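Trainee: test case, fold it:
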Amino acid sequence: MRIEEAQDRGQLGEAEGRKADLTAAKDKLAQMDYIAASRRATVDLGMPAFSQAAPADHHCQLKP
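Mentor: Here you go, the predicted structure:
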């Protein structure tokens, strides 16, 4: 909207500046989305899952 207003008023430098600002903002948002997505990714630590570590027999008794 502001870009169009600047163009309508003949303020071409202002319009170009707004376009540059918009491009930079979109790039920053894309960068933030990439960082957020990479933080949500799981990391395999090579540890067994609980189901693999626990005995399958639920009636197992522990020795005192």
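Trainee: over to L45. Which of the three states is it?
Mentor: coil (DSSP: H, G, I helix; E, B strand; the rest coil).
Trainee: pull the number of nearby residues for it.
Mentor: 5 (other Cβ atoms under 10 Å). All C-beta atoms are positioned from the backbone trio N, CA, C, and that covers glycine.
Trainee: point to the helix or strand of the chain where mean pLDDT is at its lowest.
Mentor: helix 50-53 (a mean of 64; mean pLDDT, DSSP states H and E).
Trainee: which intervals of the protein have sub-threshold pLDDT?
Mentor: 51-64 (pLDDT under 70).
Trainee: what segments of it are helices?
Mentor: 2-8, 12-40, 50-53 (DSSP state H).
Trainee: what's the most buried one of those helices?
Mentor: helix 2-8 (a mean of 13; mean count of other Cβ atoms under 10 Å).
Trainee: from M1, how far out is T42?
Mentor: 41 Å (Cβ to Cβ, to the nearest Å).
Trainee: so how far is D44 from A36?
Mentor: For A36, the distance to D44 equals 20 Å [Cβ to Cβ].
Trainee: same check, this time on D21
Mentor: Distance from D21 to D44, by Cβ to Cβ: 41 Å.
Trainee: what's the neighbour count on M1?
Mentor: For M1, using other Cβ under 10 Å, the count is 6.
Trainee: hey, C-alpha coordinates of stretch 7-20 in CSV?
Mentor: Extracted in CSV, the C-alpha atoms of stretch 7-20 (Å, rounded to 0.1, in the frame of the first residue of the first chain):
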residue,chain,number,x,y,z
GLN,A,7,4.6,5.7,-6.7
ASP,A,8,1.3,7.6,-7.2
ARG,A,9,3.0,10.7,-5.7
GLY,A,10,6.0,10.3,-7.9
GLN,A,11,8.3,9.5,-5.0
LEU,A,12,10.2,6.8,-6.8
GLY,A,13,13.1,6.8,-4.3
GLU,A,14,10.7,6.2,-1.5
ALA,A,15,8.9,3.5,-3.4
GLU,A,16,12.3,1.7,-4.1
GLY,A,17,13.2,2.0,-0.4
ARG,A,18,9.9,0.5,0.6
LYS,A,19,10.5,-2.4,-1.8
ALA,A,20,13.9,-3.0,-0.4
